[in-house]
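In: predicted coordinates and the sequence they were generated for:
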Amino acid sequence: MGRLFAIEIIYRGIYQKTLASRISRAIVLAAHQEGKPGISFGRYGDSPERNGIPAKNFAIVGTDQETLEQGMAKYEPKEVDITIAVDDTLFKGVESWAWYGLQPVNKLLKPGGTLIVTSRETPEALIKMAHRKETPYQLAIVKGTPSFSGLWVYKDDHTDVRILGAIAKLLPELFSLKSVQKAIVNEWKDPVKAESAARSCERISTTEVMPNQGNPEIPYKFEFPKWHEMGEGIAIPSIPAGRAVEDPVSHATGGFRPDRNPTFKKFTTRTMRPVVNFDTCIKCTLCWLQCPDSCFDVTPEGLYDANMQACCGCGVCEAVCPVKDCVTMVNESEFGDNASQWEDWKKDKAAYKIWLEDKIKTRSERSHGFRYRGQYEEQIPEMLRIAREG
Amino acid sequence: MATYVQIDPTQKLEPFKAVKKIPLEEYFTSGHRTCQGCESALVMKMMAKAAGPRTIVLGSTGCMYVANTTYYSTSWVVPWMHTQLGSSGSAALGTAAALKALMRKGKMKKEPINVIAFCGDGGGADMGVGAISATLTHPDYNCLILLYDNESYANTDIQLSGSTPWGANTTFSTPGKMKRIMHRRWKKNMAGMMAAGHPECRYVATICMSYGLAGMNSIRKALTIGGPTFIHSLDPCPKGWDYDPYQSHEMGELAVNTGVWPLYEVEDGVLKLTGRTQQIAAGKIKRQPVRDYLLKQGRFAHFTNDDIDYFQSKVDAMWEKWLVPGVIPFRREVEEDHPPA
């Protein structure tokens, strides 16, 4: 039996659907250049995709047809040589359509396997976000702002080919740089993209992540009835009505916190989170009323506290807020937990103000796809500059 | 109205006087797998909030079924049941009839219970239009059918529906090199059709939850007036319309302010334009150019200036040529139509 290669691409649903399928398809085409058969597919359980909810693509390659067929007899790989996370906030964990509970981004990596990520963060910051793994693995960063576009208009900022070039260096047994360049030129007829791949291949380096490094939390999971345990017709308990909120300092109760679906927390959908300036809030209700995810808890004094387990980071609250800088969306990688901002503010208003101003000041630019025609054309040169200069 | 029709009392749901009067309680809560910035989820939340705790919700297949009630989980606080794609009308009528019968036979406490069936544009404006129409002809059953229209079969990754606007990119109408515009039909006028065609239906309205208070009050009116009612909501969809979800709220406002989505209600046969639409029609504010709306959406990214002009001319005709502007597309004479090549 020959060797079987498995690569998974974890991506943000819809925003990176085209990007992920371009990468996994090109991996297989590059392997074809060396006579290795392979197959690229999206994970059925992640469909239908939703904006931001993590999803997966797989590329499976064998050194011969029989090995590939044996590999494909499994529904999807149990372990992979390379995991590609095309957005760095996925390091906080993955809660997709296909399962309930949180899965670490590095879950499927073989011992010594490589986790490739597109990010502008340092290795230290990224390692801290990912859950700990029992075996060591390699971390490789393709420097750049994670590439987000939409279903119809693709942002061609060379993220795809830069990841392909990195694979040629990190797993040379799968395909060489020459093969992947050939596949790129055949597929996209663009020699500049082949150059970007070469530069990325030359530059990529890895950091070893040891079992004692990373987030020590145990990811949560849920048990559900299996298909053979179901009866005819399905009735499931509804969500209980919510209750009042307790002030952490005065212990007064009031306001309202809705009960929430306990089995799907939406925070791994998030790439940005709202930070709220409670001192300038005018209690206009708009963030709370217009939030499609009912993520705002109403506090006893009538303020609105975004619950960080339920917020998926759409940014509507920032858009509807009439007060300047009262609600500001900040890159999710800036935060280490899901604590209540309102409770922090209640406990120490001066410290909260410093924290808030720091978060707003240092926030790096992020976007969630198409805002207006011509926007990608404005963003691409900066990404190509990073690709050139590293 | 004929005396043999037996209309049961409805709940008393007063209109909310201001946003601050809206109750804090949620009856559709967090933990659904919809897209970031999903306006249809917002419609569900506001619909449930407006209706209150004594409500039964029936949902036909679509995003609001699939994403909100994935395997053994739910975001509903009030009772909810799934029904087939085209059967929101039948489910609403059947449930209302069952409640009526159970109460008459003394098997249930006599009390008014809101029955709401929702459907998407695929389930409602395409497949379910027959059943909705049938329900609206039965004046003695209290139920509301709410159509949440995201202008495509969004759940299954954006196939074209009868509600998709002219020229939009969908998986069934991908622009090509030879033919740029692959969807050459104008959006179906669902609310106008329901209002014009069902003389016994006491309330038909269009809403957009970018104007949440007005939308919730419209739902309250539909639930209290008695008999079957119909509400058509336009829901901007970041997935299918291809825009950054932080723009969801603004996109709804743009749809109304450009005149693409007229807000109106028909109560006991009396038409009233509402909200911004009323102000536009009265000349108090100007209609915004549709260009402002189209250029912010990736689904129209292939439009040329000619296409935008054509879209504008169709919206202009809706306001200037229709006998009942924005509502009923009858004209005094045949208009020539010159879509771009």
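Out: Looks like it came in fine.

In: now do the SS call for the residue in the stretch 151-300 of chain B that chain A sits nearest to.
Out: Going by C-beta to the nearest C-beta, chain A is nearest to B:Y246 of the stretch 151-300 of chain B, at 3.1 Å. Backbone N, C-alpha and C define where each C-beta goes, glycine included. Classification of B:Y246 by DSSP: H, G, I helix; E, B strand; the rest coil places it in helix.

In: which one is it nearest to, not counting chain neighbours?
Out: Excluding the flanking residues, the one nearest B:Y246 by C-beta to C-beta, 6 or more residues apart in numbering or on different chains is A:G315, at 3.1 Å.

In: quick one: that neighbour from A:N331, how far?
Out: From A:G315 across to A:N331, the span is 12 Å (C-beta to C-beta, to the nearest Å).

In: do a quick rundown of the helices in the stretch 101-250 of chain A.
Out: For the stretch 101-250 of chain A, the helices defined by DSSP state H, counting those that start in this stretch occupy A:123-129, A:159-170, A:177-188, A:191-203.

In: picking up where we left off before, measure how buried the residue of the stretch 151-300 of chain B closest to chain A is and give me the count.
Out: By the criterion of other C-beta atoms under 10 Å in any protein chain shown, B:Y246 has 24 neighbours.

In: doesn't A:C312 make contact with it?
Out: No - shown here, B:Y246 and A:C312 do not form a contact pair, counting by C-beta atoms under 8 Å, at 11.9 Å.

In: just the strands in the stretch 201-350 of chain A please.
Out: A:206-209, A:243-246, A:253-257, A:272-276, A:296-298, A:304-306, A:327-331 (DSSP state E, counting those that start in this stretch).

In: likewise chain B?
Out: In chain B, the strands defined using DSSP state E lie at B:55-60, B:80-83, B:114-120, B:143-149, B:203-207, B:228-234, B:264-267, B:270-273.

In: so what touches the last one?
Out: Counting by C-beta atoms under 8 Å, 6 or more residues apart in numbering or on different chains, strand B:270-273 makes contact with B:195, B:262-266, B:278, B:281, B:324, B:326-327, all of which sit outside it.

In: out of the residues you listed, who's nearest A:T145?
Out: B:L263 (39.1 Å; C-beta to C-beta).

In: how close does the closest one get to A:D325?
Out: 32 Å.

In: quick one: which of those two has more around it?
Out: Shown here are B:L263 and A:D325; by other C-beta under 10 Å, B:L263 has more neighbours (24 against 13).

In: who's in contact with the more buried one?
Out: Counted by C-beta under 8 Å, 6+ apart, B:L263 has contacts B:206-208, B:211, B:214, B:256, B:273-278.

In: which stretches of the chain aren't confidently modelled?
Out: In the absence of a named chain, chain A is used. Scanning chain A for pLDDT under 70 picks out A:364.

In: let's do chain B instead
Out: Checking chain B against pLDDT under 70 turns up B:1-3.

In: how about the one residue in it that gets nearest to chain A: what's its closest non-neighbour residue?
Out: Residue nearest to chain A within chain B: B:G31 (2.5 Å; C-beta to the nearest C-beta). Of all residues not flanking B:G31 in the chain, A:N261 sits nearest, at 2.5 Å (C-beta to C-beta, 6+ apart).

In: A:I82: how many residues sit nearby?
Out: With other C-beta under 10 Å as criterion, A:I82 counts 26.

In: just confirm it is within a helix.
Out: No - counting by three-state DSSP, A:I82 is not part of a helix but strand.

In: and the closest residue to B:Y211 other than its chain neighbours, what does it touch?
Out: Closest residue in space to B:Y211, ignoring its immediate chain neighbours: B:G275 at 5.5 Å, by C-beta to C-beta, 6+ apart. B:G275 makes contact with B:211, B:214, B:256, B:263, according to C-beta under 8 Å, 6+ apart.

In: again, 6 Å this time
Out: By C-beta atoms under 6 Å, 6 or more residues apart in numbering or on different chains, the contact list for B:G275 reads B:211, B:214, B:263.

In: which residues of the stretch 1-150 of chain B lie near chain A?
Out: The stretch 1-150 of chain B comes close to chain A at residues B:19, B:24, B:26, B:29-31, B:33-38, B:41-42, B:45, B:72-77, as judged by C-beta under 6 Å from any C-beta of the partner chain.

In: need the residues of the stretch 201-341 of chain B near chain A, please.
Out: Contact residues, the stretch 201-341 of chain B versus chain A (C-beta under 6 Å from any C-beta): B:212, B:238-239, B:242-246, B:248-249, B:295-296, B:298-299, B:301.

In: so how many other residues sit close to the residue nearest to B:Y246?
Out: A:G315 - counted by other C-beta under 10 Å - has 26 other residues nearby.

In: before we move on, back to that, what about the residue nearest to B:G31, how many residues nearby?
Out: 21.

In: that one contacts B:R33, correct?
Out: No - under the criterion of C-beta atoms under 6 Å, A:N261 makes no contact with B:R33, lying 9.5 Å away.

In: name all residues that make contact with B:M190.
Out: Contacts of B:M190 by C-beta under 6 Å, 6+ apart are B:125, B:232.

In: sorry, slip of the keys, the one I care about is B:G124.
Out: By C-beta under 6 Å, 6+ apart, B:G124 lies in contact with B:L147.

In: how much space separates it from B:E14?
Out: Counting by C-beta to C-beta, the gap from B:G124 to B:E14 is 28 Å.

In: again, but for A:I218
Out: For A:I218, the distance to B:E14 equals 50 Å [C-beta to C-beta].

In: tell me the SS of the residue nearest the centre of chain A?
Out: Note on chain A: the residue nearest the mean C-alpha position is A:L90, at 3.0 Å, using C-alpha atoms, centre = their mean. Judged by three-state DSSP, the three-state class of A:L90 is helix.
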